[in-house]
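Student: Need a 3D model of the following:
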Amino acid sequence: MVRRQVPRKKLDERAFPIRVKVLQQAIGQDWLRQDRVRTWLRENIGPGEYADYCVVDNQPDVEAFYFRSLDAAQRFLAAFPDCELADTTHRLQHLQEAKRWAAAELKPEMPHDFRRAEREAREARAAAEAGSDGPAD
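Tutor: Next comes the predicted model:
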């Protein structure tokens, strides 16, 4: 029976819960800049405390850095302030949703709670309207 090894990237994704994806042009295509980043990681974060991959999710312009702690990720971003996070969402859509939340005075606990919060607000408005339409005593 042939046993397959789990790919290193899959193991690293399990071992390093914090992932920071940055645009590769921020890291730079030149080897000196890339070497400086990796030297900083080795000296300041420590071997075995991080991992990095140049191509992420078939996005050749994105580099991912994996860390064991939020503190290490924050120190990395502070050391390289010109790194731009690789935001693959449509920012305009998020801004429009945020404006809708503010207009409806919705304060979802987390972004993924948007639909639930929207439904609860709609139900509350409907209940308030039903209460005001009732017979006056």
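Student: going forward, measure contacts and count neighbours with C-alpha atoms only.
Tutor: Noted.
Student: Now stretch 78-85: buried residues?
Tutor: For stretch 78-85, the neighbour count (16 or more other C-alpha atoms under 10 Å) marks 83, 85 as buried.
Student: Can you name the next helix or strand after the least confident helix or strand in the chain by mean pLDDT?
Tutor: The weakest-scoring helix or strand in the chain, judged by mean pLDDT, DSSP states H and E, is helix 24-27 (a mean of 65). The helix or strand immediately downstream of helix 24-27 is helix 31-40, counting by DSSP states H and E.
Student: buried sites along that next one?
Tutor: The neighbour-count check on helix 31-40 (16+ other C-alpha under 10 Å) flags residue 37 as buried.
Student: pLDDT on it, on average?
Tutor: For helix 31-40, mean pLDDT is 78.
Student: The next helix-or-strand element following that helix pairs with which strands, parallel or anti?
Tutor: Later in the chain than helix 31-40, the nearest helix or strand by DSSP H and E is strand 50-53. Here strand 50-53 has these sheet partners by DSSP bridges: strand 62-67 (antiparallel).
Student: In the chain, where is pLDDT below threshold?
Tutor: Applying pLDDT under 70 to the chain flags residues 1, 25-33, 55-60, 88-96, 101-117, 132-137.
Student: All the helices of this protein, residue numbers only.
Tutor: 8-15, 24-27, 31-40, 70-79, 91-103, 114-132 (DSSP state H).
Student: I'm done for today, thanks for sticking with me.
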